[in-house]
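Chemist: model this:
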Amino acid sequence: MAYLSNYTNNFQPEGDSSQRDYYKGNQFGNYQFTSLDDVINQFMVAYVGEDKMISKISRTDVQFHAMRALQELSFDTFKSIKSQQIELPPSLTMRLPHDYVNYTKLSWADSAGIKHPLYPTKDTSNPFQVRQTSDKESYQFAGESEEVADGGFSVGDFSHWMKFDEDHPDEYYKSEIIGGELVFSHCTRPGFGADPAFWGHVVAIAQPLDVSDKDYLTLEANALAVDYETIGATNPGALHPGILRIGITSSIPSYNTYGFNTASAQVTSPNKSIDIFDVPTVDGAVGYVEYLSADFQATKEINNIDVRDHNIVWITIVSFNDFPSPSVDSEFTLKQTNKVNSVSVTGSPEGLRLMPKAGNETESDTWKNYKSTTPSENNNDDYEDDTYWPMKGNRYGIDPQHAQVNGSFYIDQRFGKIHFSSNISGKSVILDYISDSLGTAAEMQVHKFAEEAMYKWLMHAVLSTRANVPEYQVNRLKKERRAAIRQSKLRLSNVKLEEITQILRGKSKQIKH
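Modeler: Predicted coordinates for the structure are as follows:
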């Protein structure tokens, strides 16, 4: 049977074809390993069945625990034998291997084949460099594009905007563009019919935006809200707060401009409520910015407005002054109050991903500056030049990690690359690293020194995950597993007494304890 193959190969008659095939092939030394499939098969035969500790289990479960055991033992028990060597390119980078888990050593080889160890640097890195706006105050996101036409009101007319106040006389309210700025004017107006009170209007302009290819929007506005001050009326000097809102709506604003419900059955404009800004951010916040007359003129921004479920939305600007209801101020003078300097809506089809700075997509300025500069450890003057060598005693306190001329490296986990210092350019770089032994099917094998540890691991892993298994039995299996792993480590350490003795014979110095 296949699972007994490892125990029968060693007893083949002399001249058997398997030995001939072995010496003619290229898989030398494989006899010291047992494949993971054989370990699983042999475990199923020896440990699973009637009158055994494991009466029944699927092979899939055993395979899962066997692969986990192989991973864990690869990290601290099996010998790390994987390595790669490359000629370092001008970019001073090396790609991490596909089955890389951690490195054990990095070095470069000289013309004599001697390896010179490299040391990790902690003094630099390759951070993600964010693309910023020209004023450095805001970030830019992937795929951003300006969606608002004439958001700076430079055209001088409303050719790109829709006004929702054109059916009413200008003496009560007005929206106009003056000197590249959107200006709203407001005042009270007299009542009529059953409405003897005085009241004001809500003014809105809007522009449709095609967001069918966008996921998220960022809204930015620069504006100012101004009080309406009554002069020479029944309530002179009264201040009526200015309110200005700019946001995203899913439908066209209302043409209704009435500031509040009147006795003449005139219903307050829905534009006065924040409920019209019904396209929220990904966090559930209302998608608008608000300016009150207590604020200074400023730039306000709201990010991540979620338009994934919309094809058309409206950028809507709403302006009004908060006149009381009913108003006691009878002044009908139209005055400029709220103003908008600019409105910007940028859309991103890529979601919330920040954009890297142009030219720094893969390498930040920090790393570019580091690798283009000759590091201090490469200045051999400190060790050989007569100018510095006579300075005996002046080197006290030197940091040992910098007292070397071999070079340094940094691992960039974001791009999966190793970056090297400039003095390594063009050299042969060697990476010794640890894998989890699951990279390819051929790697899934266990050294025979650790085979018993695999069986003990599987026994403990299987029974510790089952219900109704006594705790003392699980603890006993855990101790057996620990002992088997410790024994495997001693075997795999490959310590030879004669080699140690030979090394000690060459030592003339007393060994201090």
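
Chemist: all helices for the stretch 51-200 of the chain, in order.
Modeler: Using DSSP state H, counting those that start in this stretch, the helices of the stretch 51-200 of the chain run over 59-76.

Chemist: Ser74: what's it in contact with?
Modeler: Residues near Ser74 by CB atoms under 8 Å, 6 or more residues apart in numbering: Val101, Ile434, Ser435, Asp436, Ser437. In this view, the C-beta of every residue, glycine as well, is placed from N, C-alpha and C.

Chemist: one more time with 6 Å, if that's ok
Modeler: By CB atoms under 6 Å, 6 or more residues apart in numbering, the residues touching Ser74 are Asp436, Ser437.

Chemist: what of Asn304?
Modeler: Asn304 touches Tyr216, Thr281, Val282, counting by CB under 6 Å, 6+ apart.

Chemist: tell me the one of those nearest Ala69?
Modeler: Nearest to Ala69 among the contacts of Asn304, counting by CB to CB, is Val282 at 42.5 Å.

Chemist: confidence score at the closest one?
Modeler: For Val282, the pLDDT comes out at 89.

Chemist: re the thing from before, buried members of the contacts of Asn304 into PyMOL, please.
Modeler: The buried residues among those can be selected in PyMOL (16 or more other CB atoms under 10 Å) with this line:
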select buried, resi 216+281
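
Chemist: for Ile503, state which of the contacts of Asn304 is nearest.
Modeler: The shortest approach to Ile503 among these belongs to Val282, at 64.7 Å (CB to CB).

Chemist: and Ala449, its phi and psi?
Modeler: I think there's a mix-up here, since residue 449 is Phe and not Ala. Main-chain dihedrals, Phe449, degrees, to the nearest 10: phi -70, psi -20.

Chemist: for stretch 269-288, which residues meet the burial criterion?
Modeler: For stretch 269-288, the neighbour count (16+ other CB under 10 Å) marks Ser269, Asn271, Lys272, Ile276, Phe277, Val279, Thr281, Val286, Gly287, Tyr288 as buried.

Chemist: need these in a markdown table (columns: distance to Arg131 and secondary structure).
Modeler: Shown next, in a markdown table, are the buried residues of stretch 269-288 (distance: CB to CB, whole Å; DSSP: H, G, I helix; E, B strand; the rest coil):
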| residue | distance to Arg131 | secondary structure |
| --- | --- | --- |
| Ser269 | 41 | coil |
| Asn271 | 36 | helix |
| Lys272 | 39 | helix |
| Ile276 | 33 | helix |
| Phe277 | 28 | coil |
| Val279 | 26 | coil |
| Thr281 | 21 | strand |
| Val286 | 28 | coil |
| Gly287 | 24 | coil |
| Tyr288 | 26 | strand |
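
Chemist: on that earlier part again, kindly reformat the contacts of Asn304 as a markdown table containing distance to Pro117.
Modeler: Listed next are the contacts of Asn304 as a markdown table, based on distance: CB to CB, whole Å:
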| residue | distance to Pro117 |
| --- | --- |
| Tyr216 | 48 |
| Thr281 | 52 |
| Val282 | 48 |
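
Chemist: in the stretch 251-400 of the chain, which spans are strands?
Modeler: 288-292, 298-306, 312-321, 335-348 (DSSP state E, counting those that start in this stretch).

Chemist: of all the ones you listed, which one is nearest Ile57?
Modeler: strand 298-306 (48.4 Å).

Chemist: please work out the average pLDDT along the closest one.
Modeler: 90.

Chemist: cool, stretch 437-447 as well?
Modeler: Across stretch 437-447, pLDDT averages out at 80.

Chemist: repeat for stretch 51-68
Modeler: 89.

Chemist: same question, stretch 348-357
Modeler: Averaged over stretch 348-357, pLDDT sits at 68.

Chemist: before we move on, what about stretch 360-380?
Modeler: 70.

Chemist: how many neighbours does Val148 have?
Modeler: By other CB atoms under 10 Å, 18 other residues sit near Val148.

Chemist: which residues touch it?
Modeler: Val148 makes contacts with Ile315, Val343, Val345, as judged by CB under 6 Å, 6+ apart.

Chemist: now with 10 Å?
Modeler: Contact analysis of Val148 by CB atoms under 10 Å, 6 or more residues apart in numbering lists His160, Trp161, Gln207, Leu209, Leu219, Glu220, Ile315, Ser342, Val343, Ser344, Val345, Thr346.
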